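*Asks:* Sequence and predicted structure below; questions after.
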Amino acid sequence: MPELAEVEFIRKRWNPGIGHFVTGVRLHPRSRIFKTCDPAELVRLLPGARLDSSAAAAKQMLFRLTAADATPLWLGLHLGMTGELSTRPAGLPDTRAEHLILDQTTATQSLVFADFRMFGRVQFQSGPDTPAWWSCIAPAVTSSAFTLSAVNEFFQRRARTPLKAALLMQERFPGIGNWMADEILWRAALHPARRCGDLSPLEVKKIHRETIWVATEALAITGETFADPPASWLFQHRWKDGGICPRTKKPLERATIGGRTTCWSPARQKLA
DNA sequence: TCCTATGTTGTATG
DNA sequence: ACATACAACATAGG
């Protein structure tokens, strides 16, 4: 289920491990999860390392560790569609969907990364330099680098792309996923199939403003407590058959747009 | 049996 | 080279 705010919350599930040392690593090296790293490196370098801190950016998480010989270690996790982090008492056997387990004897606990669909990813790098897979993430939509002109430029270049598909592009809307994209378009009162190049300057401004608003609120609610947003959000209505728009009180519609199931309020979001 | 799923990416086409 | 569209990935649940 992870988009921006869920990732921020799930990242903190490993907080109990911060300051503690890794005593053992268990993983399933043949899993697709490890396609973009070398599982042998994890096994070689993580034991003896101390977990120092973590951070989230877009839909990715970074765990910073220091190896026994003081080498900085960078562990990156992407939750894909069904990834989860948890902690549990150390020494318990792993199950099939658990791909990476860091045992921490000091804290008598294990840090677990599970993902049954295996769309998630593990990245790993050692040394002082920030890994490219972390530094290349686009600046957050809640940062000052997410400017109106950047969105304008992006929409010009993607002139024929439906708005819904554009909002899912991580290079410009990092951390936005399917439900946040629908929420943004609903608040901006723009039909998800509108083409990026056809928007008026005011309409682009609405997208820009609502993107920042939805991300900020979602981080404050879901990112802090894992609670769902309130009933005044489209979020609460978009999956239900026969869902009603909380603003117009008229029926919501669902269709595949930009390759993803999309929900919108026809009374509020018009094509023309 | 068939369809869906809060994600990304490789590949084909224009 | 660049933009666009979509199948493919793997598994569970309705």
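*Replies:* In hand now; what should we look at?
*Asks:* residues contacting A:F116?
*Replies:* A:T82, A:R96, A:A97 (CB atoms under 8 Å, 6 or more residues apart in numbering). The C-beta positions use only the backbone N, C-alpha and C, and glycine is treated the same way.
*Asks:* May I ask which of those has the most neighbours?
*Replies:* Top of the contacts of A:F116 by neighbour number is A:A97, holding 17 neighbours under the definition other CB atoms under 10 Å.
*Asks:* wait, doesn't that residue sit right on A:F113?
*Replies:* No - using CB atoms under 8 Å, A:A97 is not in contact with A:F113; the gap is 9.7 Å.
*Asks:* Spell out which residues of chain A are next to DNA strand B.
*Replies:* A:1-3, A:6, A:58-59, A:78, A:80-81, A:117, A:119, A:168, A:170, A:177-179, A:239, A:259-261 (CB under 7 Å from any atom of the strand).
*Asks:* Backbone dihedrals for the residue of the stretch 1-150 of chain A found nearest DNA strand C, please?
*Replies:* The minimum distance from the stretch 1-150 of chain A to DNA strand C, using CB to the nearest atom of the strand, falls at A:R117 (4.0 Å). Here is the backbone geometry of A:R117 (degrees, to the nearest 10): phi -90, psi -20.
*Asks:* What of A:A67?
*Replies:* Residue torsions, per degrees, to the nearest 10, at A:A67 are phi -70, psi 170.
*Asks:* distance of the residue lying closest to it once chain neighbours are set aside from DNA strand B?
*Replies:* Of all residues not flanking A:A67 in the chain, A:A49 sits nearest, at 4.7 Å (CB to CB, 6 or more residues apart in numbering). As judged by CB to the nearest atom of the strand, to the nearest Å, A:A49 and DNA strand B stand 26 Å apart.
*Asks:* mind listing what the residue nearest to the spatial centre of chain A touches?
*Replies:* Among the residues of chain A, the one closest to the centroid is A:K59, at 2.2 Å (CA atoms, centre = their mean). Contact analysis of A:K59 by CB under 8 Å, 6+ apart lists A:P2, A:E3, A:L4, A:V7, A:H78, A:L79, A:Q170, A:P174, A:G175, A:G177.
*Asks:* Which strand or helix spans A:E153?
*Replies:* helix A:148-157 (DSSP states H and E).
*Asks:* So which other helices or strands are in contact with the helix or strand following that helix?
*Replies:* Downstream of helix A:148-157, the next assigned helix or strand under DSSP H and E is helix A:163-167. Where contact means 3 or more CB pairs under 8 Å, 6 or more residues apart in numbering; DSSP states H and E, helix A:163-167 is packed against helix A:178-188, helix A:201-225.
*Asks:* picking that back up, so which of the contacts of A:K59 is the closest to A:S149?
*Replies:* A:S149 lies nearest to A:P174 out of those, by CB to CB, at 17.2 Å.
*Asks:* burial of the closest residue to the closest one other than its chain neighbours, as a residue count?
*Replies:* Distances taken as CB to CB, 6+ apart place A:A58 nearest to A:P174, at 3.5 Å, with adjacent residues excluded. Using other CB under 10 Å, A:A58 has 20 neighbouring residues.
*Asks:* residue contacts, A:A58?
*Replies:* A:L4, A:V7, A:I137, A:A138, A:A140, A:Q170, A:P174, A:G175.
*Asks:* burial of the residue nearest to the third one when sequence neighbours are not counted, as a residue count?
*Replies:* I take that to be A:I137. Leaving aside its chain neighbours, A:I137 sits nearest to A:A57 (4.8 Å; criterion: CB to CB, 6+ apart). By other CB under 10 Å, 20 other residues sit near A:A57.
*Asks:* A:A57 contacts A:A140, doesn't it?
*Replies:* Yes - if you go by CB under 8 Å, A:A57 and A:A140 touch, sitting 6.7 Å apart.
*Asks:* Overlap of the contact sets of the two?
*Replies:* Going by CB under 8 Å, 6+ apart, residues that sit against A:A57 and also against A:A140 are A:P174, A:G175.
*Asks:* Could you single out the most deeply buried of the helices and strands packed on helix A:163-167?
*Replies:* Most buried of those by mean neighbour count (mean count of other CB atoms under 10 Å) is helix A:178-188; its value is a mean of 24.
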